[in-house]
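Visitor: Predicted coordinates and the sequence they were generated for:
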Amino acid sequence: MLLSDVFLALGESAFAQMLRSVSIGKLKTYQLYERVKLRFHMGKLNAESLRKAEPRLWARITEHDEEFATDVAQTLLVSHLDMLKDVLDFLGIPHEEGFFAKDLDPADKLTEGWQQRVFDQFRLKYPEALVAFYVNHLNWELNKNGEIFKPAEVAAH
């Protein structure tokens, strides 16, 4: 599974919704602001410039630029560390402020149906597209599983 495939499976409107949830303050806090501005080819990075850049950023995703998709994913995840912590706590995955050990063996935590359970638990608390993306990102990071989780509720939007 490629991260660009996850974005593509969730669709352009979900991508736009997720971009609109980016926290410029958190990017600055985690010293990612300049990197994101550079990688997104933006002279100025704020909510309005991100919104205007959505079609161009989506086009880069459709080209399967994995390095760019990874940068977008990092931007989204850093902007929503509270969601990451909630999901990891829900799954019982040990972490430090939303970050977990890269050598973590998730076999006992990611039991059958975990994606749907996480989506159902958090879809009303956080944007649905973002929850669906994180479920897939977590699967990509921990399982390297080829299946993309795409709940019908996100597909319908």
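Guide: Okay, I see it. None of these values were measured; they are calculated from a predicted model.
Visitor: C-alpha only now, for contacts and for neighbours.
Guide: Noted.
Visitor: what are the ranges of the helices in this protein?
Guide: Along the chain, counting by DSSP state H, helices occupy 3-10, 12-19, 24-29, 33-39, 47-62, 66-79, 81-91, 114-122, 128-142, 152-155.
Visitor: so which of those helices comes closest to Ala107?
Guide: Ala107 lies closest to helix 128-142 among those, at 9.0 Å (C-alpha to C-alpha).
Visitor: Between helix 12-19 and the closest one, find me the angle.
Guide: In terms of direction (axes from the mean of the first three to the mean of the last three C-alpha atoms, to 10 degrees), helix 128-142 departs from helix 12-19 by 90 degrees.
Visitor: For helix 128-142, list every residue counted as buried.
Guide: 128-140, 142 (16 or more other C-alpha atoms under 10 Å).
Visitor: And stretch 105-112, by the same measure?
Guide: Under 16+ other C-alpha under 10 Å, the buried positions of stretch 105-112 are Leu110.
Visitor: List the neighbours of it that are in contact with it.
Guide: Leu91, Gly92, Ile93, Leu142, Asn143 (C-alpha atoms under 8 Å, 6 or more residues apart in numbering).
Visitor: Tell me the one among those nearest to Asp5.
Guide: Nearest to Asp5 among the contacts of stretch 105-112, with distances taken as C-alpha to C-alpha, is Asn143, at 15.8 Å.
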